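Chemist: no sequence for this one, just the structure:
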């Protein structure tokens, strides 16, 4: 009985993606058998007594289906889907409560009566089973409608927890979808008879306030908005399974498209991505996750959780297996031959279509999307008269707990109604007292209608300051939150979750080719587009401070009034200026691309006049930029002094919107001037002296050069201070890293020779000392200092021959001697060069740093024996810190030092300065090594990292790719890429292809 009861090998190699040939799942089907033949082959006895099965639909109506007692789960599912005319059926399932009162999914490959103990009295219900990360992946409008009903159910059952603002906004869109445009008396009456939320009376005013803003929004738009808002919530699609970890801490387990999630209360504390998981298994009540060795190191590669019972544990394991197969694999698992004599463990495997297969099925079958309206339901659910839908008798029973619901009704007067894909209509239901013609106020969106505008808020709806801050702000900020649908309302999202392949991604190659032919091809146009793209990103970066951080400190009342005034009075005017500047650039580019007469169009095919006008205006803001030194210093002092502000600061840095260290955003205004200078220099180089735009560009360059020369010294000092403060937050064991006169030179990974052999350490070189640290000493992502060596009197020499270790060199200092090895000869050369330069600088310096070091490094002895005990302690802590609940809280994990640690490389301050000059933004097409299509993404290149967004309007990145260690090249013939302007990024086995829209963008 000691054997593992159920196992599921997730991936054979870490990071494998959809479609990798090695990934083989297994199924319970016989070889050569599929679901339909399996169902057909099961003996059906016509004389068996029929069972009435009650199924609650997503709109809370109850349907009764008479089935034969030997029916398999798949047959019941198929009949329900046919009855609903549901095409994207694989996202859904039927669930029921067992004797222990927890919900389990009906299995397709087992008879219904073997799963449902009392089928005559048990209420089954239709529900969404697989929640995609982006509702744009749902191809069908009707599918989105059903998803919106699922969100409505989750709100009512308190599964989808969110702030009052978000809840009110969601309900307002549901109201718009169901009863149409705002009418206060009808809204109040409807809310009295319909319970969308527990205690909804408390926020009824907010619901009505939001609903008032949705005038003219169609039901389809409202459904899409509901899903757009819901997908951004942490509890979207989450179903909790009560468990405890090894220490007995009560937790909740859940599964999503990205992997297995761990929650404490409603707070997510860990995610085990599918790419990191090697095997899932269960043994009695214990749920086991085996990780890849490179993820966890040699310590504790198996995580263990304890669930309430064996059945609960097996149920959760099955859901994990299904989620992994649906979202991560290209094809259904291959059938597994059944054992002849005995079996070991559970044979359960997912038997439906994967998401990729589902998307391809709809795409390849050329099915036209079915726009629809809704009408008040009066006669139960009716389907097109397809022969299949008549196979099983259905009859509707209205649920007594809810009012007359809204359900699709199919028009049967047209010949097309015989087609199972016939369009269905939905007209928003009005109060029964309202005139009948009012029901027709909301019509479906017609082909060719303009873009749909959504709610006008720039802050995520879950933000506590949504209404109070944004609507009352003196800045009048209102960047539109837009939802774009194409003419027929059938466009799928251009981006999938980073953990998916391109399944469902928009195929845009043909459109892109057409645009390329139509749009201007002059290099100046693409330089102007770079100004526009980077300006959009820059404005979003400013909003991190002016909108998001302001909201956080106001909410907690964490910042002193004087510092608030100093910070925001300096950055708000700059932000307001750039908002106007961005609008000007957008207008000019749209005119440049426009189909006007040639002689008129020529007046707008330039950017120099816009740049010159705005560079002259920007000169007036130089005084604000010069104060940024003071702002950065005062903010750092206040953060050290005030515990409340420090907490808000650290928690804010953990938010998705703060994708870089917070103080980095304060440097953006001065860095942006450097960008203008470089871009204008490129324009001047491109133009001939006779070009009409040359004089304006040259004068604009002159203006911005004047500003940058005045601020250059300040920028160097600020970048150094920003880096020191960032390291101060990342390092444990040093109090005063930002001491006057100290300069950062290089950070990176080296291997230090110890009694246990070579061990990985992170080294930090400054103008007066060398620090070395290790990671994993705490439950956070911080590095703990093991030792420090003053540069005064230090000597460095190569020692490969002496120690017989490649790329090895010895560092002699006054206190001790250490031997270190670099990953490559090039890395060794960089370190030795920078060390020798820093030693020379320290010799010339009149001040010795010994006193400074004694004051700044906390309780550290330089004795060698002490260092050995530290190293021993780190090994123990690394072992103990890998708890299943390692929260890694209150600290960022995406700083440069962490990338250096994992990629085994180093970065100098010079590299940082070069990176600042080469920041880029814009749309690129991305393709994985094993995927078929290209995905269009908004990509931001900054701080040695690519950040991926769905569109340029998004507030935070969906994924990131640190580039340290990656090699960039052109694709080779073996890659099979037949497109222009494609470049290849590769790190070990990780390969990405990116395609630019022009030669200029490709070369940039």
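Modeler: Cool, the structure landed. The model shown is predicted, which means the values in this text are computed figures rather than measured ones.

Chemist: In a strand, residue 977, correct?
Modeler: No - under DSSP: H, G, I helix; E, B strand; the rest coil, residue 977 sits outside any strand and is assigned coil.

Chemist: Hmm, residue 994 and it touching each other?
Modeler: No - in this structure residue 977 lies outside contact range of residue 994 using C-beta atoms under 8 Å: 10.6 Å. Using the backbone N, CA and C atoms, a C-beta is placed for each residue, glycine as well.

Chemist: the more surrounded of these two?
Modeler: residue 994 (19 against 16; other C-beta atoms under 10 Å).

Chemist: Spit out the contact partners of the more buried one.
Modeler: 924, 925, 926, 927, 939, 982, 983, 984, 985 (C-beta atoms under 8 Å, 6 or more residues apart in numbering).

Chemist: re earlier: please enumerate the shared neighbours of residue 977 and residue 994.
Modeler: 927, 984.

Chemist: re the thing from before, farthest pair within the contacts of residue 994?
Modeler: 939 and 984 (15.1 Å; C-beta to C-beta).

Chemist: more crowded one of the two?
Modeler: Neighbour tally, residue 939 and residue 984, criterion other C-beta under 10 Å: the higher count belongs to residue 939, 23 against 19.

Chemist: how about the more buried one, phi and psi?
Modeler: Main-chain torsions, residue 939, degrees, to the nearest 10: phi -120, psi 130.

Chemist: do residue 198 as well
Modeler: The phi/psi pair for residue 198 (degrees, to the nearest 10) is phi -60, psi 140.

Chemist: Need the nearest residue in space to it, chain neighbours excluded.
Modeler: Nearest residue to residue 198 in three dimensions, chain neighbours excluded: residue 158, at 6.1 Å (C-beta to C-beta, 6 or more residues apart in numbering).

Chemist: wait, is that neighbour part of a strand?
Modeler: No - counting by three-state DSSP, residue 158 is not found in a strand; it is coil.

Chemist: rewinding a little: would you reformat the contacts of residue 994 as JSON lines and include pLDDT and secondary structure?
Modeler: Below are the contacts of residue 994 laid out as JSON lines (pLDDT from 0 to 100; DSSP: H, G, I helix; E, B strand; the rest coil):
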{"residue": "924", "pLDDT": "89", "secondary structure": "strand"}
{"residue": "925", "pLDDT": "88", "secondary structure": "strand"}
{"residue": "926", "pLDDT": "88", "secondary structure": "strand"}
{"residue": "927", "pLDDT": "83", "secondary structure": "strand"}
{"residue": "939", "pLDDT": "91", "secondary structure": "strand"}
{"residue": "982", "pLDDT": "86", "secondary structure": "strand"}
{"residue": "983", "pLDDT": "87", "secondary structure": "strand"}
{"residue": "984", "pLDDT": "87", "secondary structure": "strand"}
{"residue": "985", "pLDDT": "87", "secondary structure": "strand"}
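
Chemist: Looking at the residues you listed, spot the one nearest residue 814.
Modeler: Once C-beta to C-beta is applied, the member of those that ends up nearest residue 814 is residue 985, at 44.2 Å.

Chemist: and that closest one, what is it in contact with?
Modeler: 961, 963, 966, 967, 968, 991, 992, 993, 994.

Chemist: Show me just the buried residues among the residues you listed.
Modeler: Buried by 16 or more other C-beta atoms under 10 Å: 961, 963, 966, 991, 992, 993, 994, out of these.

Chemist: nearest to residue 234, of the residues you listed?
Modeler: residue 961 (23.4 Å).

Chemist: would the closest one count as being in a strand?
Modeler: Yes - counting by three-state DSSP, residue 961 is located in a strand.

Chemist: name the helices or strands packed onto the helix or strand in which residue 577 is found?
Modeler: Element membership for residue 577 (DSSP states H and E) is helix 561-593. Applying 3 or more C-beta pairs under 8 Å, 6 or more residues apart in numbering; DSSP states H and E, we find helix 561-593 packed against helix 523-543, helix 598-604, helix 608-618, helix 622-626, helix 628-641, helix 662-686.

Chemist: Flag every buried residue along that helix.
Modeler: 563, 566-568, 570-572, 574-575, 577-579, 581-582, 585, 588-589, 592-593.

Chemist: just stretch 951-960 next, same as before
Modeler: Those would be 952, 954, 955, 956, 957, 958, for stretch 951-960 by 16+ other C-beta under 10 Å.

Chemist: Then stretch 194-210?
Modeler: For stretch 194-210, by 16+ other C-beta under 10 Å, it's 194, 196, 197, 200, 203, 204, 206, 207, 208, 209, 210.

Chemist: Out of those, which one has the weakest pLDDT?
Modeler: Among those, residue 200 carries the weakest pLDDT, at 88.

Chemist: looking at it, that one is touching residue 172, isn't it?
Modeler: No - contact criterion C-beta under 8 Å: residue 200 and residue 172 do not qualify, at 11.5 Å.

Chemist: which residues are in contact with both of these two?
Modeler: residue 207.

Chemist: In the helix or strand harbouring residue 1000, which residues are buried?
Modeler: Using DSSP H and E, residue 1000 maps to helix 999-1003. Applying a neighbour-count criterion of 16+ other C-beta under 10 Å, one finds 1000, 1001, 1002 buried in helix 999-1003.

Chemist: quick one: which of the residues you listed is nearest residue 329?
Modeler: residue 1002 (33.4 Å).

Chemist: From residue 963, how far out is the closest one?
Modeler: Computed as C-beta to C-beta, to the nearest Å, the residue 1002 to residue 963 distance reads 17 Å.

Chemist: One more: residue 572?
Modeler: Following C-beta to C-beta, the distance that separates residue 572 from residue 963 is 33 Å.

Chemist: Then residue 918?
Modeler: 11 Å.

Chemist: For residue 995, give me the pLDDT.
Modeler: Confidence score, pLDDT, at residue 995: 85.
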